[in-house]
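Engineer: Sharing a model prediction with you, sequence too.
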Amino acid sequence: MESVLEVKGLTKKYRRLTAVDHIDLSIEKGAVYGLLGPNGSGKSTTLGMLLNVINPTEGSFSWFDGKSSSQAALKRIGALIERPNFYSYMSAYKNLELVCKIKQIDTTNISDKLTLVGLGDRQHDAFKTFSLGMKQRLAIASALLNDPDVLILDEPTNGFDPQGILQIRQLIKDIAKSGTTVILASHLLDEVEKVCTHVLILQKGKMLYNGKVDELIASNGFFELKADDAEEMIKHLKLHNAFDKITETDGLYRVFFKDIITPSSLNYYLMQNGVSLSHLVFKKESLEEQFIQLTQA
Ligand SMILES: Nc1ncnc2c1ncn2[C@@H]1O[C@H](COP(=O)(O)OP(=O)(O)OP(=O)(O)O)[C@@H](O)[C@H]1O
C-alpha cells in the first residue's frame with residue numbers, strides 16, 4: 001500500500017506540559033484516520049505539527065514518499081482547521097472564486113466541488129442564506145479546490161444539528177471513497193466509529209491505541225462470571241495460560257483473555273478444577289466500552 005504519512009516519536013512540550021508524547025503513526029492512501037481523544041488530549045497540536053504551523057519538540061514526520069519538500073507536500077493537502085471567513089453577501093461560487101485567486105488555483109473545479117458537497121443548486125445564493133451545515137460543506141469544498149491527496153479536518157461536525165452531522169459524515173465518506181485520504185480529529189467516539197477506518201486514541205498526549213477501528217471492535221470479548229466460591233474461581237482463572245485481567249462489580253466478575261476462548265471450554269476448565277459457575281455469559285464490548293476501559297487504564 002502507498003504510504004501517505006509516517007510519523008515517528010512526534011512530541012510537543014509546552015514548558016512542563018507534554019501536549020503530544022511520542023506519537024507513532026503510519027497512514028496509508030485511502031484511509032480515514034481518526035485522532036480521537038477528549039478535549040486537551042493533543043489532537044489539534046498533532047494536526048498543527050503535521051501542517052507545519054507548530055514546531056515539534058522531538059520526533060519527525062514525512063508526507064507522501066518522504067522525498068518532497070514540506071512546502072511541496074503541503075500543496076497536496078487540504079485542511080479545515082478553523083472555520084474560514086467567507087463574505088456573507090457574496091455567493092458560494094464567488095467566495096470560492098476568491099479563494100482560488102488567493103491560492104492561485106484554477107477556477108474550473110468550483111462547480112464540481114460545490115456539487116460534490118451538495119451545494120450545486122445553491123452555488124449562486126449568498127453565503128448569508130446558508131445554514132451552519134451548508135457553511136461547513138462550503139468550507140470543505142474550499143479545502144478540496146486543488147484536488148488534495150489528503151484532507152485534514154478538525155472536529156468537522158462540532159456544533160451542528162443531527163441532520164447536518166449526518167450530511168457532513170456522509171460527505172467525508174464520499175470524499176474518502178473517491179481516493180482522498182482523510183485525517184480527522186474528533187472527541188466523538190460515535191463519529192470515529194461511523195466514519196473512520198483507523199483510529200489513534202489519545203489521552204493527555206499519549207497514544208492509547210493505534211490501528212484499525214474494526215480490530216478495536218473485534219476484540220476477543222469477555223466473560224461475565226459468578227461462582228459460589230469466587231476466590232477459588234479467581235485463583236484458577238489466573239492460572240489459565242490465556243488469562244489477561246479480571247474486574248468485579250457487585251459480585252459479577254468480568255474476565256478477559258488474551259486469546260479467543262469459547263464459553264464451553266472455559267466452563268470445562270473451571271469444572272475440572274472443581275469450580276462450578278452460577279453465571280456464565282460471553283459478551284463483546286462495544287467500542288464505547290473499550291474506549292472507557294482504555295481511557296481508565
Ligand atoms: N500554545 C500553547 N501553550 C501552552 N499550552 C498549550 C498550547 N496549545 C495547547 N496547549 C495545551 O496542550 C494540550 C493539548 O491541547 P490540544 O488543543 O492539542 O488538545 P485537543 O485534543 O485538540 O483539545 P481541543 O479539542 O479542546 O482543542 C492542552 O493541555 C492545551 O492546554
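Structural biologist: Thanks, I have it.

Engineer: where exactly do the strands run in the stretch 101-250 of the chain?
Structural biologist: Secondary structure of the stretch 101-250 of the chain by DSSP state E, counting those that start in this stretch: the strands cover 150-154, 181-186, 198-203, 206-212, 222-227, 243-249.

Engineer: Name all residues that make contact with the spatially most central residue of the chain.
Structural biologist: In the chain, the residue lying closest to the centroid (CA atoms, centre = their mean) is G34, at 1.6 Å. Neighbouring residues of G34 by CB atoms under 8 Å, 6 or more residues apart in numbering: L184, A185, S186, E191, V192, V195, C196, H198, V199, L200, V213. No exception for glycine: its C-beta is placed from N, CA and C like everyone else's.

Engineer: roughly how far apart are it and V192?
Structural biologist: When distance is defined by CB to CB, to the nearest Å, G34 is 4 Å away from V192.

Engineer: Pass me the low-pLDDT residue ranges in the stretch 51-200 of the chain, would you?
Structural biologist: Under the criterion pLDDT under 70, no range of the stretch 51-200 of the chain is flagged.

Engineer: Contacts only, for the closest residue to the ligand within it.
Structural biologist: Residue of the stretch 51-200 of the chain nearest the ligand, by CB to the nearest ligand atom: H187 (5.7 Å). H187 is in contact with L36, G37, P38, N39, S41, K43, E155, counting by CB under 8 Å, 6+ apart.

Engineer: tell me the phi and psi of it?
Structural biologist: Main-chain dihedrals, H187, degrees, to the nearest 10: phi -100, psi 0.

Engineer: Around the ligand, which positions in this structure sit nearby?
Structural biologist: Y14, L17, A19, G37, N39, G40, S41, G42, K43, S44, T45, H187 (CB under 6 Å from any ligand atom).

Engineer: I'd say D106 and C100 touch.
Structural biologist: Yes. Between D106 and C100 there is a contact at 6.9 Å, judged by CB atoms under 8 Å.

Engineer: all helices of the chain, in order?
Structural biologist: When assigned using DSSP state H, the helices of the chain occupy the ranges 43-50, 70-74, 92-103, 110-116, 132-144, 162-177, 189-195, 213-217, 230-239, 263-272, 287-296.

Engineer: how far out from the middle of the chain is the fourth one?
Structural biologist: Same thing as helix 110-116. From the chain centre to the centre of helix 110-116 is a distance of 26 Å (CA atoms, centre = their mean, to the nearest Å).

Engineer: same deal with the fifth one?
Structural biologist: Relative to the mean C-alpha coordinate of its chain, helix 132-144 is positioned 20 Å out (CA atoms, centre = their mean).

Engineer: Stretch 86-99: which residues count as buried?
Structural biologist: Across stretch 86-99, burial judged by 16 or more other CB atoms under 10 Å covers F86, S91, A92, Y93, K94, N95, L96, V99.

Engineer: Please put the alpha-carbon coordinates of that stretch into PDB.
Structural biologist: Presented in PDB, the C-alpha positions along stretch 86-99 are these (Å, rounded to 0.1, in the frame of the first residue of the first chain):
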ATOM      1  CA  PHE A  86     -16.400  33.800   3.700                       C
ATOM      2  CA  TYR A  87     -18.100  37.000   2.600                       C
ATOM      3  CA  SER A  88     -21.700  36.900   3.600                       C
ATOM      4  CA  TYR A  89     -23.100  38.900   0.800                       C
ATOM      5  CA  MET A  90     -21.200  37.000  -1.900                       C
ATOM      6  CA  SER A  91     -22.500  33.800  -3.400                       C
ATOM      7  CA  ALA A  92     -20.900  30.400  -2.600                       C
ATOM      8  CA  TYR A  93     -19.400  30.300  -6.100                       C
ATOM      9  CA  LYS A  94     -17.900  33.900  -5.900                       C
ATOM     10  CA  ASN A  95     -16.500  33.100  -2.500                       C
ATOM     11  CA  LEU A  96     -14.700  30.100  -3.900                       C
ATOM     12  CA  GLU A  97     -13.500  32.100  -6.900                       C
ATOM     13  CA  LEU A  98     -11.900  34.400  -4.400                       C
ATOM     14  CA  VAL A  99     -10.200  31.500  -2.600                       C
END
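
Engineer: Alright, I will stop here.
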